[in-house]
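how would this look folded up:
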Amino acid sequence: MTWRRVRKSLKSKRDQSEFDAKQAQIEDLQELAETGYIDLFYYDESHFSLTPSVPYAWQEKGQTVELPSSRGKSINVAGFYSKDNRFSNYQYTTAIDAEKLIDVFNDFIGKTTKKTVIILDNAPIHKSKLFMSCLPKWEQESDTYLFFLPTYSPELNMIEILWRKIKYEWLEWSAYLSFKNLQESLNTVCKNVGKKFNIQFG
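Predicted coordinates:
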């Protein structure tokens, strides 16, 4: 037995054959990215609030560090991440609806310089009629294509690793002392992904 954090899993709900097929396709896409033929990015949104995600901290014996916990303001981050640690993010203090999502994709896609594939999950907002109506334009005008993951397969989206790193390792506990601290700390971390903060993939 080992002492470690328990993780939630959705494996029992997914179609394993579809998962295996999509995983193989992603591996092929990653090879094309590594040769420079395409750019490959993983997309998702994540939520940051004053409810701490820091599970451990150094504390003096006999004393307990207590962090304020609040369900008030929050920061919603939309991000594009590549396995070579390129990261583009868009931060909002309001919910990301279909119109904001389209704005985010229009801005990011407008900066692409080669054939690009963006991997994302099947969240309702990603499959909304308004958002899906933009796919032909992005494909025809910007040579950018969306690759949708099978349901219940978050481990195929590499940006999930980035979100965990930010929440559980890179954001210091002092970020949760105030909303201003959270905004500043999150900005600092996001700006330094690929510089000070990197993920090493095997």
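
pLDDT score for Y152?
On pLDDT, Y152 comes in at 89.

ok, now K73?
K73 is given a pLDDT of 86.

what's the longest strand in the protein?
strand 39-49 (DSSP state E).

show me what the helix or strand just after that one is packed against.
Once the chain leaves strand 39-49, the next helix or strand it forms, by DSSP states H and E, is strand 74-81. Secondary-structure packing of strand 74-81 (3 or more C-beta pairs under 8 Å, 6 or more residues apart in numbering; DSSP states H and E): strand 39-49, strand 87-92, helix 98-109, helix 159-165, helix 179-191. No exception for glycine: its C-beta is placed from N, CA and C like everyone else's.

quick one, which of the ones you listed gets closest to G62.
helix 179-191 (26.2 Å; C-beta to C-beta).

show the average pLDDT along the closest one.
97.

show me how far the longest strand of the chain is from its chain's centre.
Put simply, strand 39-49 sits 2 Å off its chain's centre (C-alpha atoms, centre = their mean, to the nearest Å).

quick one: strands adjacent to it?
If you go by DSSP bridges, strand 39-49 pairs up with strand 74-81 (antiparallel), strand 116-120 (parallel).

let me know the angle separating the shortest one from helix 98-109.
Read it as strand 116-120. 140 degrees (axes from the mean of the first three to the mean of the last three C-alpha atoms, to 10 degrees).

in strand 116-120, what counts as buried?
116-120 (16 or more other C-beta atoms under 10 Å).
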